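[1] Next come a sequence and a model predicted from it.
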Amino acid sequence: MSTRRATPSRTTLRPTHLLVASVVLLVSLLASVLFGAAELGVGRVLAEITAQLTGGLSPLSEREAAILWELRVPRAALGVAVGAALAVSGAAFQGVFRNPLADPYLLGAAAGAGLGVTTVIALAPGWGSEQALVQLAALVGSLGGVALTWTIGRSAGSDTATLVLAGVAVTSFLTAGQTFVQQMRLESLQQIYMWILGRLAVTGWAEVLSVLVPLVPAATVLCLCARLLDLLGTGDDEATALGVRPRVVRSLVLVSASVATAAAVSAAGLIGFVGLVVPHLVRLAAGGSYRIIVPLSLLYGGAFLVAADMLARTVLAPAELPIGVITAFAGAPFFAVLLRTRSTS
Amino acid sequence: MTGFRRLPALLLTTLALVAGVTGCAQRPQPTEPPPGPVADPAASFPAKVSLPGQDSVTIAQQPKSVVSLSPTATETLFAIGAGEQVTAVDRDSTFPKQAPRTDINALNADAATVGSHDPDLVIAPESATELVNGLRAVDVPVLVTPAAENLNQAYRQIEVLGKATGHGTQARDLTARMRGQIDELVRTTPKPDRPLTYFHEVSPDFYTATSRSFVGSVYSKFGLVNIADQAQGDFPQLSGEEIVQANPDLVFLADTRCCGVTPESVTQRPGWGSLGAVQNNRVVALNDDVAGRWGPRVVEMAREVSNAVTNAQNP
């Protein structure tokens, strides 16, 4: 790896950062619960929530209550979990690869997870509905994709651009593999296609838990490793002199970020740009230290995806738009601006 | 002696002539023209056929080797008596059982694979553009059958398939029978006091068909109102929230075979327990294939709808 020195501008996570991020997350969560294809009325939803908290009388009909508690609330929770997983893994990848362009989609993690899930859906139709198997396939694919990128990138050179190019090559290869599997089983095409576009669909709290169970330990590890990522940023020699074992830290972070990515992908499909956009915005707003970027990405990632899902549910109502379309609309221009800014600087 | 032998011969000849002339005079005059060349299917060729929005196709002789890459067309060909001419059908042509199924998929088949069956007529769906171009390049006649938008277009397609295969009469008989049966079903189905609403589920992720689709046009004949009609396109995806909010009177599941959805399993979906259709047992399991095709079995589909509408009025 490069031993180039990178000095973060700000290094401390202030309480105000956490407070603002938490408020943003709560507001987006509340908005997602208040608004949707069905017009329940803001006042009535607030009254319903109050009634549930205080044990009062529900102002909603049975069907309206079902919409709120069985559809909107679990979906909003899933959005928070998936968005947080994608954003925190994106931040971690950027730290490990020392490249702000790195994200789960550029480094082969998402494409690998995609190939794993596609294979399960297409070649084991009966098992394709087994969430645990889908998650395992996503995890194996995600780890494999990142490992391939890492190996090819290191053998080709040590600069970050080489790593990103290696990621592009690996992603293309894995995507081709995914297409090949799809063509083998065309009857699964629609199911796979919808999954690729990304969608937050819940059949209960099981999906939310399926993301939270791997995410909580993975995110905890990533938050704990944030300081080490900063030290790695000073260069391997300096980090080693300070008692850090770069190889161990990188492995730990890569595995944790891949686990988080796999959890998100297996539950919601391929939702692009969250892992790229959110850490960048955090970096611009709060500072370049991973002690700030990692935890704040977790919170803002959740807020971003919940807001995107609210748009996906309402823009073409009564129809629904794949959430990947919304995140791409927001993320692709951002990525273009980012590239332009970097090239001119 | 010679004169004695000639006399009986002359008498017999005279008798035969008299009998013949008399017989002709007694035979009734024909009221219809005698069967001519048109009655012979082979004689109705060359035939020029066309479907809306498609190029016309000239078929030189009655086809002896038809490859059908459209499940709807396969059902139709067998229903009009052209089954013996069909030498290969695609992998999705699941009905009738005797159809000679192959692994060919119209979406990704190449012309060489289809051509290996030595067809003198290929019937392809509208989506198989590349395949159609390839087959036409090697002068194999291809009849492209677009998805019908309503029953009249379905009837026309059946009749065109009849003309293309030399079974025009049987095709016209079939469409007349279908019209009669469906009209009878519509006529005898009790009309509800208020229009009933419905949701037609194409896949478990809530893809559906609006009234603008073919299957939607069948529901419309029974006066049903589609909850998805405000969405764009023929087959939009609805949000789960929208379906629960709309609370359809009837739910038709057209994803029972592909995806194992049942009237029982939908009760477990979030929010669906509050639907009137679920609470009143008005969730109807359809055969996906029948609901997704515009062939002769549409009468079965119409019968399912008729039964559902009737049952909805008998609490």
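    Nice, I can see it.
[2] can we go C-alpha only for contacts and neighbour counts from here?
    Will do.
[3] What residues does the residue of chain A positioned farthest from its centre make contact with?
    Going by Cα atoms, centre = their mean, the residue of chain A most distant from its centre is residue A:57, 38.3 Å out. Contacts for residue A:57 (Cα atoms under 8 Å, 6 or more residues apart in numbering or on different chains) come out as A:48, A:51.
[4] tell me the SS of it?
    Per DSSP: H, G, I helix; E, B strand; the rest coil, the local secondary structure of residue A:57 is coil.
[5] so who does the spatially closest residue to residue B:166 that is not a sequence neighbour touch?
    Spatial nearest neighbour of residue B:166, chain neighbours left out: residue B:41 (4.7 Å); criterion: Cα to Cα, 6 or more residues apart in numbering or on different chains. Residues counted as contacts of residue B:41 (Cα under 8 Å, 6+ apart) are B:62, B:166-167.
[6] neighbour-wise, which of the residues you listed leads?
    Per-residue neighbour counts (other Cα atoms under 10 Å in any protein chain shown) across the contacts of residue B:41 peak at residue B:166, which has 25 neighbours.
[7] what's the spacing between residue B:76 and residue B:111?
    Applying Cα to Cα, to the nearest Å, the value for residue B:76 to residue B:111 is 23 Å.
[8] correction: residue B:183
    To residue B:111, residue B:183 is 41 Å away according to Cα to Cα.
[9] what sits against residue A:52?
    residue A:58.
[10] Where does it sit, in terms of helix or strand?
    Using DSSP states H and E, residue A:52 sits within helix A:42-54.
[11] what comes up buried for that helix?
    Of all the residues in helix A:42-54, those buried under the rule 16 or more other Cα atoms under 10 Å in any protein chain shown are A:45, A:47-49.
[12] ok, so of these, who is nearest chain B?
    Using Cα to the nearest Cα, residue A:45 comes nearest to chain B of the buried residues of helix A:42-54, at 14.7 Å.
[13] How about the closest residue to chain B within the stretch 1-150 of chain A, nearest residue that isn't a chain neighbour?
    For the stretch 1-150 of chain A and chain B, the shortest gap (Cα to the nearest Cα) falls at residue A:66, measuring 4.7 Å. Of all residues not flanking residue A:66 in the chain, residue B:271 sits nearest, at 4.7 Å (Cα to Cα, 6+ apart).
[14] got a pLDDT number for that neighbour?
    Here, the pLDDT recorded for residue B:271 equals 91.
[15] Just give me the neighbour total for it.
    Neighbourhood size, residue B:271 [other Cα under 10 Å]: 26.
[16] is it true that it touches residue A:61?
    No - distance between residue B:271 and residue A:61: 12.0 Å, which falls outside the contact criterion (Cα atoms under 8 Å).
[17] Near residue B:260, how many other residues are there?
    Applying other Cα under 10 Å, I find that residue B:260 has 9 neighbouring residues.
[18] sorry, that was for residue A:23
    With other Cα under 10 Å as criterion, residue A:23 counts 14.
[19] Also residue A:241?
    9.
[20] Next: residue A:341.
    10.
[21] what pLDDT, on average, does the helix or strand that it is a member of get?
    Using DSSP H and E, residue A:341 sits in helix A:323-344. Taken as a whole, helix A:323-344 has an average pLDDT of 80.
[22] Could you do stretch B:100-110 as well?
    The model assigns stretch B:100-110 a mean pLDDT of 88.
[23] For it, which outside residues touch it?
    Outside of stretch B:100-110, the residues within contact range by Cα under 8 Å, 6+ apart are B:69-70, B:86-94, B:113-114, B:124-125, B:127-128, B:130-131, B:134.
[24] 10 Å - rerun?
    Applying Cα atoms under 10 Å, 6 or more residues apart in numbering or on different chains, the contact partners of stretch B:100-110 are A:183, A:186-187, B:67-70, B:74, B:83, B:86-95, B:113-114, B:124-132, B:134-135.
[25] hmm, which of the residues you listed are the buried ones?
    B:67-70, B:74, B:83, B:86-95, B:114, B:124-126, B:128, B:131-132, B:134-135.
[26] From these, list the ones also adjacent to chain A.
    residue B:92 (Cα under 10 Å from any Cα of the partner chain).
[27] near chain B, which residues of the stretch 151-300 of chain A?
    A:183, A:186-188, A:190-191, A:194, A:199, A:201-205.
[28] which among those end up buried?
    Buried by 16+ other Cα under 10 Å: A:188, A:191, A:194, A:199, A:201-202, A:204-205, out of those.
[29] ok, then the element right after the least confident helix or strand in chain B by mean pLDDT?
    Each helix and strand of chain B was given a mean pLDDT (mean pLDDT, DSSP states H and E); the minimum falls on helix B:2-26 at a mean of 45. Next helix or strand after helix B:2-26 toward the C-terminus (DSSP H and E): strand B:47-49.
[30] quick one: average pLDDT of that following strand?
    The average pLDDT within strand B:47-49 is 89.
[31] and what of stretch A:186-202?
    Mean predicted lDDT for stretch A:186-202 stands at 75.
[32] tally of neighbours for residue A:180?
    The number of residues packed near residue A:180 is 13, by other Cα under 10 Å.
[33] State the helix or strand in which it lies.
    Assigned by DSSP H and E, residue A:180 belongs to helix A:160-184.
[34] Just the CA atoms of the helix or strand encompassing residue B:242, as CSV, please.
    Assigned by DSSP H and E, residue B:242 belongs to helix B:240-246. Taking Å, rounded to 0.1, in the frame of the first residue of the first chain, the C-alpha atoms of helix B:240-246 are listed here in CSV:
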residue,chain,number,x,y,z
GLY,B,240,-48.3,-2.9,-1.0
GLU,B,241,-49.7,0.1,0.8
GLU,B,242,-51.7,1.1,-2.3
ILE,B,243,-53.4,-2.4,-2.5
VAL,B,244,-54.3,-2.4,1.2
GLN,B,245,-55.6,1.1,0.9
ALA,B,246,-57.7,0.3,-2.2
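[35] Next secondary structure element downstream of that helix?
    On the C-terminal side of helix B:240-246, the nearest following helix or strand under DSSP H and E is strand B:250-253.
[36] What is the end-to-end distance of stretch B:247-261?
    First residue to last in stretch B:247-261 (Cα to Cα) measures 19 Å.
[37] how about it: buried residues?
    B:247-256, B:261.
[38] and those near chain A, which?
    Restricting the buried residues of stretch B:247-261 to those near chain A by Cα under 10 Å from any Cα leaves residue B:247.
[39] okay, among the buried residues of stretch B:247-261, which ones form the most distant pair?
    Greatest spatial distance among these (Cα to Cα): B:247 and B:256, at 20.8 Å.
[40] Give me the nearest residue to residue A:22, chain neighbours excluded.
    residue A:299 (6.6 Å).
[41] ok, the one you found - contacts?
    Residue A:299 neighbours (Cα under 10 Å, 6+ apart): A:18, A:20-26, A:80-81, A:83-85, A:87-88, A:278.
[42] Hmm, residue B:44 is touching residue B:61, no?
    Yes - between residue B:44 and residue B:61 there is a contact at 8.3 Å, judged by Cα atoms under 10 Å.
[43] between those two, what contacts are shared?
    B:164-166.
[44] for chain B, what are the low-confidence residue spans?
    B:1-40, B:42-43, B:315 (pLDDT under 70).
[45] mind listing the strands for it?
    Assigned by DSSP state E, the strands in chain B fall at B:47-49, B:57-59, B:66-68, B:86-89, B:121-125, B:142-145, B:197-201, B:225-226, B:250-253, B:283-285.
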